[in-house]
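J.: Generate a structure from the sequence data that follows.
(chains A and B)
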Amino acid sequence: MSRIQDNPIVTYERCLRKGDCKKAARILEYLISQYPKDIELLQEIINLAVYLSWQPELARKWLLRLIHLRQVWLDYALLSKIEAHLDNLTRAREFLSMARSLQKQQPGIRPEDASPAEILREVDDVIKYREWQRTQQELEVETAGKEGAAGRREIKSRKTVSLPKPVQGNKKALKHPRKPEVVPSPTPILIDTPTYKIPVRVEPLPEDIMASLFTAAATSLDELCLRIDYQILAIRGGFDELLCLTAINNVDRYWYQIETVKKVLKRFHGRALLCDEVGLGKTIEAGMLIKEYLLRSMVRNILILTPAPLVSQWQEEMEVKFGIPFISTDSPDFSRDPVAFWKQPFLIASLAMAKSERNLPLVLQQFYDLVVVDEAHHLRNKTTKAWKLINQLQKKFIFLLTATPVQNNLIELFNLITLLKPGQFKTEKVFRQEYVAKGNLKKPAHREKLHELLREVMIRNTRSAIDLKLPKRFATTMRLSPSALEERIYESVGARLKSMNLKKPLVNMLLREAGSSPFALRESLLKLKGGNGLGDLIAMIDQLEEISKGKALLDILKKNQAEKKIIFTQFLKSMDYVTTLLERNGISFTTFCGNMTVREKDEAIRRFKADIPVLVSTESGGEGRNLQFCNTIINFDLPWNPMRIEQRIGRLHRIGQTRDVFIFNLSVRGTIEDYIIEILDSKINMFEMVIGEIEPILGHLEEETDFDDLIMDIWMKSADQESMRDHFEKLGEELAAAKKRYIETRNLDQEIFGEDYEI
Amino acid sequence: MALIMRSLPEVIAGILELHGAVVEKVGADGLDVIASPELVRLLGVPEYHRLSFVGGNEGKNSLYASYDSDYFRSLEHLFNDRGRRAAVALLHPTVRPERIAETLADRIPLTNATFRLERIEELAISYFLIYFHFVALSDDRHDGMFSVLVNPLNFSTALLEHVLEDLVEKIRPAAVVEEISAAEMMKILKISHMAATGMVRDRLTDFIRSAERRLNRDVKRVYEYYETLKEEIRRRFQKKMPQGKEVSSPPESANREEMEALRTRQEAIDAERQWKVQDLIAKYALRIKIDPLCVIQIQTAVPVFFITIKRRLSSRPFTVTYNPLLKRVDALPCESCFHPSGAYTICDDKLHIVCNRCIGANSTSRKFLCPVCGANRGAKDKV
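T.: Numbers count the residues shown, from 1 in each chain, chains lettered A, B, ... in the order given. Below you'll find the model as predicted:
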């Protein structure tokens, strides 16, 4: 305060330059305390409180003081407006009335940029708008749920109203760099909304059906009545019961998923934002909805759009669990004939592919009964091509799936909802004014009203709400040093594959086999042998008796022998090696692989549950079967795609598991798998994450390619181990950044939504 | 012979027994089944199995058979073409035609014609009771079943519910089945389908109204959204205009580009709004499929009233019958929709009988467009 006392004007001007209005106001108050009747000072502080930093309470206080000293109609007009902003409408009217009567007595007092009549009319408009707003709020509470009148509807426009400038003759003209806040005007805009009738189409009766009725042999009335009764019962069974429940395979359905599906069908009528927390089965919910709509014949063509890394996974899930054969942009049909491709009834495409210049016109030509968008937070910005694509798509029903609907600010949520129901929150401007806290785009204002509107389009199941408690996961990664021969074999394979002109998928498979075990590789090398000079490589493999993974595997199995363990491997030849190893060491086991019959698979699981301690399985192991009695997984090899690794773990670590799950990963130094484990384990701690979290992390990756392809690209462009290490390091950092982005988003969403959106 | 609506276990037992199985009730809701070889083959079930209708009770030889089970669904394949046609004879008390004739005027409300009763005869006719199953798909799905009774003499139709329950005492299998030609049968089916279409629309009135309400509410929301967007854009442009000028005032060279940009933006918004509305209309559009399930030919003897309908100088013979099922004279058919509503009007050209709902727009004037004549003319033009 001493500095103020020394030179208050200089300090004041410095504060104004810095934008420190609070301090500037304190300086003025100090000065006013020194010179209480100085009108210019009072005008200064009023202008500061009105034009520079909106502080209506402060402005009112000093306006009242000013009015006490002089009677000028403009002061009353300003005071009336401020009272209206503070919702003191009675006082606002009183002051307006006084301003009017004073103005008649003071015709000489006229501001520069508006006539007295205009100024008084503006103040009147503000008061009327406030009165209307209050009435609307009261009406909203009373009449929630009632429908408005059809036909004509008033909307309020917004127009900027400027507050009157200071009285003429004021020597100190203030600079007010910021215009006053926009004040809505109650002038309504009438729009004629057309009303529509629903087109009703009755399908004509086909001749063949009529003919079949006529040509059918006459039967007894009993039989006919049975047929009628059966049909009636079939209809009764369909009402309010989900038809999909018995039409899907190997899927555990939980009550909250069933309720979600019913709610989307009955209440949301096919347009919904599904925002369940990770690991709760959004994909299953979407699959159930798709199946339900198909069984009810309500949809005939479906388009699923996902990030590129998840396309194949969606295709597999739809096929295996829901029996719906989708074709994807990974299929050769797509590159062969894209025009025909986009006309197929069941499509899965990456968002990047669909919005590309070549494909966009083809996609937009079609009408889709149902569109599903996974990881829909990619649509958060409405200036992006992805958002515009979804907005322009011709569609009947649409589901948006994301565990993280809000990543940076609430406008993203607005943009998502606008895709489902444009106008649910009016325009973005109105949304900001009504539902976003001033100055903080992440914080909602009018939370209750916002949640109420969101409940009409959004479902968010959370772990706590559905009381889901999953035990922890503990992972141990054993990075094994290969023997000299193993190392030579692996290096030779890499070098040979780079020199041979083989197709990418074949190289991918050979590398994965090599990473699994040399025995898995041998068979494929035999098929490729002719003329390729691979004989020496095969000879080296034939010299191998033991591999480093074998010994490590035995060490794990010998601990806690009473506990049941599942050993996963991708390749049958690796499985053969493992089973031979176990036999030699007297460890009883049973096997499980895709080419067994259903009976054999059931028997394998039954024996494993009963008295066999070890199950050796390929990727299909345990799908759809209850394996929660086991809590130890050993990854003899690792798929390159983290989602597949997650699926393996998910066989045991899922709803119903009561014990902590232990994961052992075996990798050989210098192999690609070793690099993959390194980044998944040390960079993002994938093996001990919450179930399902890897999926949104992959969804947050900036890369638009499949993860397998990412790894292949790294291998192809790496000249040596050093550069491979660098590339994997870079990928690891990208994954870590993706995880960080995901966690920030998750925390923000938890803060915004809380526990409000569950069934 | 049980004709009333039965429970799920009863129906399943009936179906299995029809195919040679031995079925016995067990406990509160179980059925023991010894299946015939045919059933074992067709359903893929063990010869002996127990059916349970409560989930969770399945054991080694026990199968879940409730509405949502594979077992229940697979029974549909057992029917094939069986149970689609039957013929019965209806016995009913004798009625006095003269007394019925007195009520004819009430049953034949003609707005612009008269009729004269020529004679009454007792004739053997076959009514056709056709069961329909409909599915209506919009943003929701509705299923239903109902039956339509058709009089082949005059194609009068009636919507019937639960009629079989009322017939238990009165019907027996027909000893001799009246032959009916394929062409006649097709005509009956087509007419009954037309009537069924009207009946389904009536039944779905509330659903259609509710869907229209929802559609228009969504359209209103979309219009408000886009109108507000346009207004916001207009105001942004307004701010850029010179002081005192409105956006709508005649363009000067300096702001012609601005106006053009504004117009383009607003046109784009209008186009987008139209897409959204079209999407909404497509979402709520109602598609109805009506399939005939089975037909019962009900042979009976009824009094037939031969009348002559007179309109101006023209006349047309017509028949009206007493319906023993409904215990009243059959309503006149509407020869346009076959599901008449309200009174009837006779057309001038061919004296077609048309219900007031089907009359064309200028029915308030004396002349109206006969939809049957129009349809026939259209059919001829196509030929």
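J.: what about the residue of the stretch 101-250 of chain B found nearest chain A, is that helix, strand or coil?
T.: When distances are taken as Cβ to the nearest Cβ, the stretch 101-250 of chain B approaches chain A most closely through B:Y225, which lies 3.1 Å from it. Where you see a C-beta, it was placed from the backbone N, CA and C, and this is true even at glycine. Look at B:Y225: counting by DSSP: H, G, I helix; E, B strand; the rest coil, its state is helix.
J.: Burial check on A:N7, number of neighbours?
T.: Here the count is done by other Cβ atoms under 10 Å in any protein chain shown, and A:N7 has 11 residues near it.
J.: Same question for A:N461.
T.: A:N461: 25 surrounding residues under other Cβ under 10 Å.
J.: Tell me how chain B divides into domains.
T.: Under the assignment automatic domain parsing, the domains of chain B span B:8-79, B:85-204+B:288-382, B:207-285.
J.: I'd like these written out as a markdown table, with mean pLDDT and distance to A:Q647 added.
T.: Below are these laid out as a markdown table (pLDDT from 0 to 100; distance: least, Cβ to Cβ, whole Å):
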| stretch | mean pLDDT | distance to A:Q647 |
| --- | --- | --- |
| domain B:8-79 | 84 | 27 |
| domain B:85-204+B:288-382 | 85 | 34 |
| domain B:207-285 | 81 | 35 |
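J.: out of these, nearest to A:L102?
T.: Shortest separation from A:L102 across those is recorded for domain B:207-285, at 28.5 Å, computed as Cβ to Cβ.
J.: start to end distance for that closest one?
T.: 12 Å (Cα to Cα, to the nearest Å).
J.: in what helix or strand does A:L273 lie?
T.: Here A:L273 is covered by strand A:271-274, with elements defined by DSSP states H and E.
J.: now that strand: how far from the chain's centre is it?
T.: The gap between the average C-alpha position of strand A:271-274 and the chain average comes to 11 Å, counting by Cα atoms, centre = their mean, to the nearest Å.
J.: what are the pairing partners of it, and which direction each?
T.: Based on DSSP bridges, the pairing partners of strand A:271-274 within the sheet are strand A:394-401 (parallel), strand A:458-459 (parallel).
J.: What residues sit buried inside the helix or strand just after the last one?
T.: The reference is to strand A:458-459. Moving toward the C-terminus from strand A:458-459, the next helix or strand (DSSP H and E) is strand A:473-480. Of the residues in strand A:473-480, those buried by neighbour count under the rule 16 or more other Cβ atoms under 10 Å in any protein chain shown are A:R473, A:A475, A:T477, A:M478, A:R479, A:L480.
J.: Hmm, the first one is touching A:N665, no?
T.: No. In this structure, A:R473 is not within contact of A:N665 by Cβ atoms under 8 Å, at 11.9 Å.
J.: list residues touching both of the two?
T.: Both A:R473 and A:N665 are contacted by A:F687, under the criterion Cβ atoms under 8 Å, 6 or more residues apart in numbering or on different chains.
J.: on that earlier part again, contact partners of the strand holding A:L273?
T.: Contacts made with strand A:271-274 from outside it, assessed by Cβ under 8 Å, 6+ apart, are listed as A:260, A:263-264, A:282, A:285-286, A:376, A:397-402, A:405, A:416-417, A:420-421, A:457-459.
J.: After that strand, which helix or strand is next?
T.: Using DSSP H and E, the helix or strand that directly follows strand A:271-274 along the chain is helix A:282-295.
J.: ok, residues contacting that following helix?
T.: When contacts are defined by Cβ under 8 Å, 6+ apart, helix A:282-295 is touched by residues A:242-245, A:247-248, A:251, A:253, A:257-258, A:260-261, A:264-265, A:270, A:274, A:276, A:299, A:302, A:314, A:317-318, A:321-324, A:369-370, A:372, A:374, A:397, A:399, A:401, A:403.
J.: at 6 Å instead, please
T.: Surrounding helix A:282-295, the residues in contact under the criterion Cβ atoms under 6 Å, 6 or more residues apart in numbering or on different chains are A:242-244, A:248, A:257, A:260-261, A:264, A:274, A:276, A:299, A:322, A:372, A:399, A:401.
J.: Which ones among these lie within helices?
T.: With helices taken from DSSP state H, the overlap with the contacts of helix A:282-295 comprises A:Q257, A:T260, A:V261, A:V264, A:F322.
J.: ok, and the helix or strand in chain A with the lowest average confidence?
T.: The element with the least model confidence among the helices and strands of chain A, by mean pLDDT, DSSP states H and E, is strand A:152-156, at a mean of 37.
J.: Could you point out the helix or strand that follows whichever helix or strand A:D75 is part of?
T.: Assignment of secondary structure by DSSP H and E places A:D75 within helix A:73-85. Beyond helix A:73-85 in the direction of the C-terminus, DSSP H and E gives the next helix or strand as helix A:89-105.
J.: what's the angle from that following helix to helix A:73-85?
T.: Interaxial angle of helix A:89-105 relative to helix A:73-85 (axes from the mean of the first three to the mean of the last three Cα atoms, to 10 degrees): 160 degrees.
J.: I'd like the mean pLDDT over helix A:89-105, please.
T.: Rounded to a whole number, the mean pLDDT of helix A:89-105 is 88.
J.: Show me what counts as buried in the helix or strand following it.
T.: Towards the C-terminus, the helix or strand next in line after helix A:89-105, according to DSSP H and E, is helix A:116-142. Taking 16+ other Cβ under 10 Å as the basis for neighbour counts, the residues of helix A:116-142 that come out buried are A:P116, A:I119, A:L120, A:E122, A:V123, A:D124, A:D125, A:V126, A:I127, A:Y129, A:R130, A:E131.
J.: how about JSON lines for those, with distance to chain B and pLDDT added?
T.: Conversion of the buried residues of helix A:116-142 to JSON lines gives the following (distance: Cβ to the nearest Cβ, whole Å; pLDDT from 0 to 100):
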{"residue": "A:P116", "distance to chain B": "19", "pLDDT": "85"}
{"residue": "A:I119", "distance to chain B": "17", "pLDDT": "87"}
{"residue": "A:L120", "distance to chain B": "20", "pLDDT": "89"}
{"residue": "A:E122", "distance to chain B": "16", "pLDDT": "85"}
{"residue": "A:V123", "distance to chain B": "21", "pLDDT": "89"}
{"residue": "A:D124", "distance to chain B": "21", "pLDDT": "87"}
{"residue": "A:D125", "distance to chain B": "16", "pLDDT": "83"}
{"residue": "A:V126", "distance to chain B": "17", "pLDDT": "86"}
{"residue": "A:I127", "distance to chain B": "22", "pLDDT": "86"}
{"residue": "A:Y129", "distance to chain B": "16", "pLDDT": "79"}
{"residue": "A:R130", "distance to chain B": "20", "pLDDT": "82"}
{"residue": "A:E131", "distance to chain B": "21", "pLDDT": "81"}
